[in-house]
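Trainee: Sequence and predicted structure are below.
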Amino acid sequence: MSAPVAQEELPILEAVINIRNRLTALKRDRAEYIKPSEVNALYQSVVKQVTKLNDVRDDNTSHNNRVDTTLADVFSLLSLCYLTLGKTKECPAVYSQLASMRQILTHMEESGVYNESDIPPFQRRLQELRSIVQHDAESGKHPEAMTKLLERQLNELDAIVRSLQESLSDISVELIPVHQRLVTIRRQLVALAVKEGNHKAELKPLAEELRKIDSKRVNGKFLGPGGTVPTSQAICSSLLEECFDILQQIKAQDESKNVASSLKPIHDRLEELRAELENLVLTHRWSLRETDLYNYSLSLQEIDKMRVDGKFVDADGNRPPGQYVLLYLLRRCYGLIYRLLSSSEPVSEELMPIANKLSTVKKCLNEVYKYGGPFSPRDLYPYQLALYQIDSMRKDGKFVGVDGSVPEGQGIVMAHLNECHELLEMLKESMDEENNEYYDDEDDDIDPESASGDEVEQ
């Protein structure tokens, strides 16, 4: 339960709620593009309130009241606005990515189901995000309050990653292959539990492999070379038992994806969210506005908060079957959001339609160039027209927004445009060469004697 809000923090809370409402209105307005000037004004307002909050609070005391939760919402929305504007290399854009990463890492720590290969991608991404924060801190581009907040969060995530690594280092060398294989089998089993239909054929090889791993134990222990008993037995043994448990659940109840009726509403909502997010992963270049991810994150957090001691419970406080399925769907959704945030391009939503059109034209021109002619000027006309239309949108060599500002992503869009022009010129040159070859062949086919005879007659 959150702590009460102190009297001196009430004006700050009121101001922060007002900012959140304005950001939410900005997010909902699909009729117009999000304007950098509006986002920047709201960002400066937030920084002002954070500075006031720091002045009335003691640095050595941790706080968690309504001001903090509302500020977290505001920073998430602001971060997604920055991503929508294509400002992916600035401090505010880092916030939502760190929040998404925290959710995934916390679930990994809770489940204990991960191996060595799962950790390096997070380490690399954290390093990339840290370099963005450090650059902004050194250049003074963003206020110290913002960079300090992000540095603190980066340090907390680094600590979680180190904790995950230390847990793996406890596993003895002899049991690492067993542990890695059990982690993989468990993931395959949970993925099967979510799938529709009968799983008998797919379960059989996994069940046989589990029995094979189990047969290596002697008196419930995995043995090393020379009959020694390696450390970390409990980790591998509990993982093996968990795999058998999931296997039996799938076999026993192969209906409604192995979920009890009391958990069905949660399951259906998670399935709906997963389907929408998977669709966004496929179409995000054309249909995603990063601020849309806020609603998905909010829905997942609400579902996550329903758990009691890590489990979903019914009205009577019992833990019905289907926990693995729900947790798989929840973590899958968190993973999809993180993937969408990480793949966000440094191109403003205002320039994204142009970037997408150029990307399509470039692909078509590459295919035409790859397979070659013969083709005529008429064949190249649609591409020339498309590039002419895009070229005519520029003012003084730049693409300008509706409000007269210069949106992010100019370099990327111009690079695409130049590549398209180069490909078009290459195709024109190859077309001219083909025409020259054609006329040369015609000249070669003319009989010199008949030609000279014609000249005499003339």
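Mentor: Perfect, I can see it now.

Trainee: contacts and neighbour counts: CA atoms only from here.
Mentor: OK.

Trainee: Checking Leu149 next. Helix, strand or coil?
Mentor: Following DSSP: H, G, I helix; E, B strand; the rest coil, Leu149 is assigned to helix.

Trainee: doesn't Ser96 make contact with Ser76?
Mentor: Yes - between Ser76 and Ser96 there is a contact under C-alpha atoms under 8 Å: 5.3 Å.

Trainee: got any ranges where this protein has weak pLDDT?
Mentor: 1-2, 59-63, 197-198, 226, 252-258, 373-374, 432-458 (pLDDT under 70).

Trainee: can you rerun that using 50?
Mentor: Where the chain drops to pLDDT under 50, the residues are 255-256, 438-439, 441-443, 446, 448, 450-458.

Trainee: what's near enough to touch Phe352?
Mentor: Phe isn't right for residue 352; it's Met. Shown in contact with Met352 (C-alpha atoms under 8 Å, 6 or more residues apart in numbering): 285-286.

Trainee: again with Ile235
Mentor: By C-alpha under 8 Å, 6+ apart, Ile235 lies in contact with Ile171.

Trainee: ok, and it, which helix or strand is that part of?
Mentor: Element membership for Ile235, per DSSP states H and E: helix 233-252.

Trainee: Would you mark the buried spots in that helix?
Mentor: 233, 235-237, 239-240, 243-244, 246-247, 249-251 (16 or more other C-alpha atoms under 10 Å).

Trainee: Could you list every helix and strand in contact with the very next helix or strand once past that helix?
Mentor: Next helix or strand after helix 233-252 toward the C-terminus (DSSP H and E): helix 264-287. Judged by 3 or more C-alpha pairs under 8 Å, 6 or more residues apart in numbering; DSSP states H and E, helix 264-287 is in contact with helix 323-342, helix 352-371.

Trainee: The following helix or strand past helix 264-287 packs against which elements?
Mentor: Next in sequence after helix 264-287, counting helices and strands by DSSP H and E, comes helix 293-304. When contacts are defined as 3+ C-alpha pairs under 8 Å, 6+ apart, helix 293-304 sits against helix 66-84, helix 323-342.

Trainee: ok, now which ones touch the closest residue in space to Leu417 that isn't next to it in sequence?
Mentor: Residue nearest to Leu417 in three dimensions, not counting chain neighbours: Leu358, with 6.4 Å by C-alpha to C-alpha, 6 or more residues apart in numbering. Going by C-alpha under 8 Å, 6+ apart, Leu358 touches 387, 413, 416-417, 420.

Trainee: farthest pair in those residues?
Mentor: Leu387 and Val413 (12.0 Å; C-alpha to C-alpha).

Trainee: Could you dump the buried residues of helix 233-252 into a markdown table and include distance to Lys200?
Mentor: Rendered in a markdown table, the data for the buried residues of helix 233-252 read as follows (distance: C-alpha to C-alpha, whole Å):
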| residue | distance to Lys200 |
| --- | --- |
| Gln233 | 30 |
| Ile235 | 28 |
| Cys236 | 25 |
| Ser237 | 25 |
| Leu239 | 22 |
| Leu240 | 20 |
| Cys243 | 16 |
| Phe244 | 15 |
| Ile246 | 14 |
| Leu247 | 11 |
| Gln249 | 13 |
| Ile250 | 9 |
| Lys251 | 8 |
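
Trainee: which residues does the most centrally placed residue in the chain contact?
Mentor: A centroid search over the chain (C-alpha atoms, centre = their mean) returns Arg339, at 1.6 Å, as the residue closest to the centre. Under the criterion of C-alpha under 8 Å, 6+ apart, the neighbours of Arg339 are Val281.
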